[in-house]
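**Student:** kindly return the folded structure for what I paste below:
(one chain, ligands or ions: 1)
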Amino acid sequence: MRPSTIAIDGPAASGKSTIGFHLARHLGYLYLDTGVLYRAATWAAQAQGVDISDEASVTSLVRGLAIDVVPPTIADGRQCTVRVDGIDVSWEIRSPRVESAVSPVSAYPGVRESLTQRMREIARNGRVVMVGRDIGTVVIPDADLKLYVTASPEERASRRHLELQASGKSVTYAQVLAGIRERDHIDSHRKAAPLRPAQDAVLVDTTALSMEAMFCEVEKLVNGCSEHQQHQGAYA
Ligand code: DC
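**Tutor:** Numbers count the residues shown, from 1 in each chain. This is a model prediction of the structure:
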């Protein structure tokens, strides 16, 4: 039987969003990149002038926010439209300013609790591909299929660097690599829901895989999901 809830976790720029987006379209499922919720929360805190290091204020702000994630409303390359209290912030949440503050915001337990609850409500109906850092371990630990997508830090930095250059941002490869390493460290060392593969996740290393090879590998996993997990997929 085809998996109905699919959890995809992994570090920044590992290819997990590309895989998740493609898979959701292929299956006709809902796609939710949960990082956008943490980014939207961070954008709101900055927009309202809340000090990012003030955990209590950030948490209380996030609890009261209306964050909507819907399929793209504009065909400008976005994977989804994100609104905070009605304002379209789909691109603003990708800015270096948000990028530099999102890891500390996502480490606050109260922020995680609030956003995790919203994710679970979305997952409840099934037919969903959810992408993040703790989907298979915390958000939907009973997901039908769990993937942990990874790639070397150098490969991830080179992908992100190309993306940033393509969008006209002037930043060096060394800066991008340092940023990736720093976020990896914060995401995997935080107390609340650190980044790690679930015991029963299938590891997909995309370092040397082309986009086509990546999709092919993942589609095979989905089609033969239960068989694969029983025989060879478990990543301890
Ligand atoms: O995947 P991303 O780069 O858009 O994620 C932004 C931040 O949110 C990143 O620092 C990790 C965090 N995050 C998280 O802690 N848990 C999730 N389920 C998704 C993202």
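**Student:** from here on, contacts and neighbour counts on C-alpha atoms
**Tutor:** Fine.
**Student:** next structured bit after the longest helix anywhere in the chain?
**Tutor:** Taking DSSP state H as the criterion, the chain has its longest helix at helix 173-189. Sequence order places strand 202-205 as the next helix or strand after helix 173-189, per DSSP states H and E.
**Student:** so which elements touch that next one?
**Tutor:** Under the contact definition 3 or more Cα pairs under 8 Å, 6 or more residues apart in numbering; DSSP states H and E, strand 202-205 sits against strand 145-150.
**Student:** ok, residues contacting the strand it packs on?
**Tutor:** By Cα atoms under 8 Å, 6 or more residues apart in numbering, the residues outside strand 145-150 that reach it are 3, 5-11, 14-16, 136, 197-198, 200-207, 222, 225.
**Student:** I'd like to know which residues of this protein are adjacent to the ligand.
**Tutor:** Residues of the chain found near the ligand (Cα under 6 Å from any ligand atom) are 12, 34-36, 38-39, 102-103, 106, 132-135, 187.
**Student:** among those residues, which pair sits farthest apart?
**Tutor:** Farthest-apart pair in these is 102 and 135; separation 17.4 Å (Cα to Cα).
**Student:** who has more neighbours, these two?
**Tutor:** The residue with more neighbours, out of residue 102 and residue 135, is residue 135; 29 against 22, by other Cα atoms under 10 Å.
**Student:** the residue lying closest to the more buried one once chain neighbours are set aside: neighbour count?
**Tutor:** Distances taken as Cα to Cα, 6 or more residues apart in numbering put residue 7 closest to residue 135, at 5.5 Å, once the chain neighbours are dropped. Neighbour count of residue 7, defined by other Cα under 10 Å: 29.
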